[in-house]
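Asks: Let me see the structure of the following:
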Amino acid sequence: MKTKRYLLAVICCLCGILNTSCGLFHPPSREAGYLTDHYYSCGPIALRDALDDYARKHGIVYKRAVYAKELSIEIQDKRRFFNLTEFLLLFDKQSASITWPDEIKSTLKARSIVIKEVSNIDELDPKLDIAIILVHKKGTLTFYHWLAYPRNSVTAVYGKDTVIDKIYILIPKS
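Replies: Numbers count the residues shown, from 1 in each chain. All right, here's what the predicted structure looks like:
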């Protein structure tokens, strides 16, 4: 009876692996070691949009434009040899698009931008605040999305099923 259960478990695992986007059999695309799906995922795009809005609002002039691809490469360069994203890629190649909250914070910190984390969207003033917000679809564990506020509507992606997870306000320098 035990061997039948083990055999059934092995068969289920193999079927699951062979019939998914498992990273072992369908690895994500890479360019010079960088995950190309991350280049234009929501994390680097939200960072780029928030940085552009922040600069415009506070009269900061960049020497050159900041692009999502460059932000993605910067984020990926800071990842350790073995990180959670690489581990998750073994199971699902869509994990290549993940940008973790700490990566958002460290990218802003590298630009000397102070952030303040708040827990409620009502604490934001669309006329005064620039923020980066992490949302997910209610009732799911896999549909997360970063957006720049107020450029993007908080409910634009998931509508009434939007759950707000993190709100980082970009604080102007004194």
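
Asks: Any regions of this protein where pLDDT drops low?
Replies: Applying pLDDT under 70 to the chain picks out residues 1-26, 81, 174.

Asks: just so I have it, where are all the strands in it?
Replies: Assigned by DSSP state E, the strands in the chain fall at 30-31, 34-35, 114-118, 131-137, 144-149, 162-171.

Asks: Hmm, A148 is touching Y54, no?
Replies: No - with contact defined as CB atoms under 8 Å, A148 does not count as touching Y54 (9.3 Å). From N, CA and C alone the C-beta is placed, and that goes for glycine too.

Asks: shared neighbours of the two, which are they?
Replies: Residues touching both A148 and Y54 by CB atoms under 8 Å, 6 or more residues apart in numbering: I130.

Asks: ok, K138 touching Y158?
Replies: Yes - between K138 and Y158 there is a contact under CB under 8 Å: 7.2 Å.

Asks: For the two, indicate the residue with more neighbours.
Replies: Neighbour tally, K138 and Y158, criterion other CB atoms under 10 Å: the higher count belongs to Y158, 17 against 12.

Asks: coming back round to it: looking at the strands of the chain, which is closest to L90?
Replies: strand 34-35 (13.4 Å; CB to CB).

Asks: Okay, now the sheet partners of the closest one, with direction.
Replies: strand 30-31 (antiparallel) (DSSP bridges).

Asks: could you measure I171 against N83, distance?
Replies: 28 Å (CB to CB, to the nearest Å).

Asks: An error on my part: the question was meant for W146.
Replies: Distance of W146 to N83, computed by CB to CB: 18 Å.

Asks: cool, and Y168?
Replies: Counting by CB to CB, the gap from Y168 to N83 is 21 Å.

Asks: Likewise for I133?
Replies: Counting by CB to CB, the gap from I133 to N83 is 23 Å.

Asks: Mind checking which of those two has more residues around it?
Replies: Higher neighbour count among I133 and N83: I133, with 23 against 15, using other CB under 10 Å.

Asks: residue boundaries of the helices in this structure?
Replies: 2-18, 36-39, 42-57, 68-78, 84-89, 101-110 (DSSP state H).

Asks: could I get those helices as CSV with mean neighbour count and distance to K127?
Replies: As requested, those are exported to CSV (neighbours: other CB atoms under 10 Å; distance: least, CB to CB, whole Å):
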stretch, mean neighbour count, distance to K127
helix 2-18, 10, 50
helix 36-39, 19, 32
helix 42-57, 20, 10
helix 68-78, 18, 26
helix 84-89, 16, 36
helix 101-110, 16, 21
